[in-house]
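Asker: sequence and predicted structure below; questions after.
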Amino acid sequence: MNLIILNPDDFIADGRVRLEGRRLEHVCSVHKAKVGDSLKVGLLGGKIGVGRIAVLDEQALEMVVELDQPPPPKLPLNLIVALPRPKALNRVLAAATSLGVAHIVLMNAWKVEKSYWKSPRLSEENLFRQRIIGLEQGVDTMLPELQLARFFANFVLDDLPKMAQSTLRLVAHPQAAATCPANVNEPCTLVLGPEGGFIPDELAALEKIGFIPVKLGERILRTETALAALVGRLYC
């Protein structure tokens, strides 16, 4: 992890935290830190700073922390992703979070298997954990908003037009005629379909509310690869 995320209940005194479990294991096994070393830390939903290790043993890690820097700004991007395979879901959520996406929607589509919606990876605990992993990677402390949209028609007709208001509206589609624009200087709502793309009726419904089909090239990419390529093209 490039940033150790702190929670309010980690504080045992003003400016002093105590960590156990996964974060302790990571500091010991990956950072190979010792007493006196400094690590980058950030308070979930708050500022980023430095933590100096005061106590370190097999049971716990204690740090004296100073938080004085704001987190990086979020991208002005709503990301709508057709619910990916359970094995890919964790990677998609962590990647989107690390890239700085502000708002993520996991959406249903005809080619999304019904069983995906029953996966334990959709538990609140896992959805939260994967976004935390993304924050650790991206050196950020602000969780992206996450929404589940189980009914395609209801979401596209009722919620999506409001969400996409005053934004550039794009839908990634392998057979699109237009290429995804680059270095846009405006808010964007990007819809990314399931593996195999949207069926014609779904694509037509998105076009009806102003979404422009775009592609990256001739290759068919995995969801997490397409996500990184599209966001990078739009904002990097």
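Answerer: Arrived safely, thanks for sending.
Asker: look up how far Tyr235 lies from Pro181.
Answerer: In this view, Pro181 and Tyr235 are 11 Å apart by Cβ to Cβ, to the nearest Å. Every C-beta, even on glycine, is put in place using the N, C-alpha and C of the backbone.
Asker: who has more neighbours, these two?
Answerer: Neighbour totals were compared for Pro181 and Tyr235, and Tyr235 leads with 17 against 14 (other Cβ atoms under 10 Å).
Asker: the residue nearest the centre of the chain sits in which helix or strand?
Answerer: The residue lying closest to the centre of the chain (Cα atoms, centre = their mean) is Thr97, at 2.2 Å. Under the criterion of DSSP states H and E, Thr97 resides in helix 86-99.
Asker: contacting residues around that helix?
Answerer: Residues outside helix 86-99 that contact it (Cβ atoms under 8 Å, 6 or more residues apart in numbering): 75, 79, 81, 83-84, 104, 106, 116, 119, 121-122, 126-127, 130-131, 133-135, 137-138, 140, 143-144, 146, 222-224, 227-228, 231-232.
Asker: can you pull the phi and psi angles for Asp158?
Answerer: The phi/psi pair for Asp158 (degrees, to the nearest 10) reads phi -100, psi -50.
Asker: now do it: how many residues are near it, please.
Answerer: Asp158, neighbours per other Cβ under 10 Å, totals 11.
Asker: how near is it to Val17?
Answerer: Separation of Asp158 from Val17 (Cβ to Cβ) stands at 43 Å.
Asker: for Lys118, same thing?
Answerer: 37 Å.
Asker: more neighbours: these two, which one.
Answerer: Shown here are Lys118 and Val17; by other Cβ under 10 Å, Val17 has more neighbours (23 against 9).
Asker: is it correct that the more buried one is in contact with Gly49?
Answerer: No - proximity of Val17 to Gly49 does not meet the contact threshold set by Cβ atoms under 8 Å, at 11.3 Å.
Asker: what do those two both touch?
Answerer: Val41, Val65.
Asker: name the residues of the helix holding Thr97 that come out as buried.
Answerer: Of the residues in helix 86-99, 86, 88-99 count as buried by neighbour count, 16 or more other Cβ atoms under 10 Å.
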